[in-house]
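Asks: here's a sequence, model it:
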Amino acid sequence: MNYETILHAVENGVVTVTLNRPEVVNGLNAQMRLEILHAVKHAPEFGRVLVMTGAGRGFCSGQDLGDRRTLADMDLERTLREEYEPMLRAIYECPIPTLAAVNGAAAGAGANLALAADIVIAAESAVFIQAFSRIGLIPDAGGTYWLPRQIGFSRAMGAALFADRISARQAESWGMIWQAVPDDGFQEVIRDRAEYLANGPTATYRLIKDALRASFSNDLAEQLNLEASLQGEAGRTRDFREGILAFQQKRPPEYEGR
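Replies: Numbers count the residues shown, from 1 in each chain. Alright, predicted model coming up:
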């Protein structure tokens, strides 16, 4: 697929998808959603970790309100079901670790696009805004799913109703994101974290994601049963055998991801 609205790069096992419509702070339109979906679905063919970031001064401003299909003319339900849901599910279900590198403002659907990733690292200058209520809408693009789970019901409600700017540091303290880092060292941190994951036990990372996500719906007995099953699967991987051998030989492991 020829990409028009994103940049796609692969280096050292890291697949980087850069939203590339900086003139509208990387606002999402139909073409970009399609291209993100394609890039995410095929990321495991090219690398062992996926990084999403934005070109220019922001991560993503959400739905492009200046798109040829204005919000007033859009069938919002159809757009969410047919365009947003496949993209978000692809990110959430991606078998390799996904990292959102939030380099600036992440607003509306742009904020929730970032929160769909396994790990979110933001520059200190970044902000997160659930801007939907400002134009008479509810949080979408997974916002009503991610927020209560990540920051609790009260904070999720406040973020949705007031549509306040949430700083990267505040998002970190609330548990919305993993880390807020100084702008000057942001790119270096992203590179180091992404390469760490790319060099890790990819199959194990997939099992970790499966186990943690299931815990929200399982009771203790169900979760202990799942842990045992997934740990058995992990114990049959080449990565586990390599990890044990490297420990015994006192050397860094060289994982293959299976």
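
Asks: and the protein, what are its domains?
Replies: Listed domain ranges for the chain are 6-198, 202-249 (source: automatic domain parsing).

Asks: so how far is the last one from its chain's centroid?
Replies: Meaning domain 202-249. Its chain's C-alpha centre and that of domain 202-249 lie 21 Å apart, by CA atoms, centre = their mean, to the nearest Å.

Asks: and of the domains of the chain, who's closest to Glu256?
Replies: Across the domains of the chain, Glu256 has its closest neighbour in domain 202-249 (5.4 Å, CB to CB). Placement of C-beta: from N, CA and C, glycine included.

Asks: for the stretch 151-258 of the chain, which spans come out with low pLDDT?
Replies: 257-258 (pLDDT under 70).

Asks: where do the helices sit along it?
Replies: For the stretch 151-258 of the chain, the helices defined by DSSP state H, counting those that start in this stretch occupy 153-162, 168-174, 186-198, 202-214, 220-235, 238-249.

Asks: what angle sits between the third one and helix 202-214?
Replies: By that I understand helix 186-198. Put simply, helix 186-198 runs at 100 degrees to helix 202-214, going by axes from the mean of the first three to the mean of the last three CA atoms, to 10 degrees.

Asks: buried ones in helix 186-198?
Replies: Buried residues in helix 186-198, counted by 16 or more other CB atoms under 10 Å: Phe186, Ile190, Arg191, Arg193, Ala194, Glu195, Leu197, Ala198.

Asks: so what's the residue count around Ala55?
Replies: 18 (other CB atoms under 10 Å).

Asks: stretch 33-52: how far from the chain's middle?
Replies: So, by CA atoms, centre = their mean, the centroid of stretch 33-52 is 11 Å from its chain's centroid.

Asks: how about that stretch: buried residues?
Replies: Buried residues in stretch 33-52 (16+ other CB under 10 Å): 33-41, 43-44, 47-52.

Asks: ends of stretch 142-156, what's the gap?
Replies: 12 Å (CA to CA, to the nearest Å).

Asks: ok, residues contacting that stretch?
Replies: Applying CB atoms under 8 Å, 6 or more residues apart in numbering, the external contacts of stretch 142-156 come out as 88, 92, 109, 111-112, 115-116, 130, 132, 138-139, 159-160, 174-176, 216.
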